[in-house]
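Novice: Build me a model from this:
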Amino acid sequence: MSTSQGFCAIAFKEWAGVCQALGEGRQSLIVRKGGIDEGPSGFTPEHQVFWLYPTYVHQSQQGLRIEPATSTKDSGTESATSPQEVAIHLFAAVELVEHVASEDRLAVLAPFHVWTEETLRKRFAYRRPGLWVLGVRIFHRNPPWTLMPSPEQLGCKSWVTLEPALSTAGLLPVLDDHAAAHQARLLRAALGLENDRRRP
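Specialist: Modelled structure (predicted):
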């Protein structure tokens, strides 16, 4: 993927602790069912590249197996009345999309994420059984972009629009090409997709 030029106006909301794990190379996938604001149809994996928009809504000490190595100065909890400034510096490129319809398949994902088993099973069972799994390669930017959330960005939703769109120039991969390809092969094998070369 070339990140030397271009802009992206799409961001994906995810727990800050998960964003940190992705940014440190300790996680290589995203799972999603869908937020309350997304209606009965739930989440749709409609974007192949996007910024990660860290949030603390619903994040709890019990939600992650590995807590973030560093803490923030405040809770960062989103609020319709007093939104906190958001730092955006991670960019995701989707390399695999799979819908997991059997709860028995969740265990094979454990090496690739930092959620607790309980958290993942609750997400799987919410509304109707199933989860979207997105295998991603992460890029980072230094210094981060900072923004104040707009009213449209608040609430339980996955996708939000950034205005203006943010430049992707100067992004660097979190994992080098060899490590990223190795991680992608392991994830495909875990999901039984090693002979399936489909791309989103």
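
Novice: Now do the helices in the protein.
Specialist: Secondary structure of the chain (DSSP state H): helices at 16-23, 117-125, 177-190.

Novice: Contacts only, for A107.
Specialist: E117 (Cβ atoms under 8 Å, 6 or more residues apart in numbering). Every C-beta, even on glycine, is put in place using the N, C-alpha and C of the backbone.

Novice: Can you list phi and psi of T168 for me?
Specialist: phi -100, psi 10 (degrees, to the nearest 10).

Novice: How much space separates it from L147?
Specialist: 16 Å (Cβ to Cβ, to the nearest Å).

Novice: quick one: the longest strand that the chain contains to helix 117-125, angle?
Specialist: Using DSSP state E, we find that the single longest strand of the chain is strand 131-147. Between strand 131-147 and helix 117-125, the angle comes out at 110 degrees (axes from the mean of the first three to the mean of the last three Cα atoms, to 10 degrees).

Novice: So which elements touch strand 131-147?
Specialist: Strand 131-147 sits against helix 16-23, strand 29-32, strand 86-100, helix 117-125, strand 172-173, helix 177-190, with contacts defined as 3 or more Cβ pairs under 8 Å, 6 or more residues apart in numbering; DSSP states H and E.

Novice: Name the residues of it that are buried.
Specialist: Going by neighbour count (16 or more other Cβ atoms under 10 Å), the buried part of strand 131-147 is 131-141, 147.

Novice: what sits against the residue nearest the centre of the chain?
Specialist: Centroid-nearest residue in the chain, with Cα atoms, centre = their mean: I30, separated by 4.6 Å. Listed by Cβ under 8 Å, 6+ apart, the contact partners of I30 are 12, 14, 18, 22, 92, 133-134, 136.

Novice: On the strand side of things, show who it bridges to.
Specialist: Beta bridges link I30 to L134 when assigned by DSSP bridges.

Novice: how close does it get to A184?
Specialist: For I30, the distance to A184 - Cβ to Cβ - is 14 Å.

Novice: One more: K33?
Specialist: Distance from K33 to A184, by Cβ to Cβ: 23 Å.
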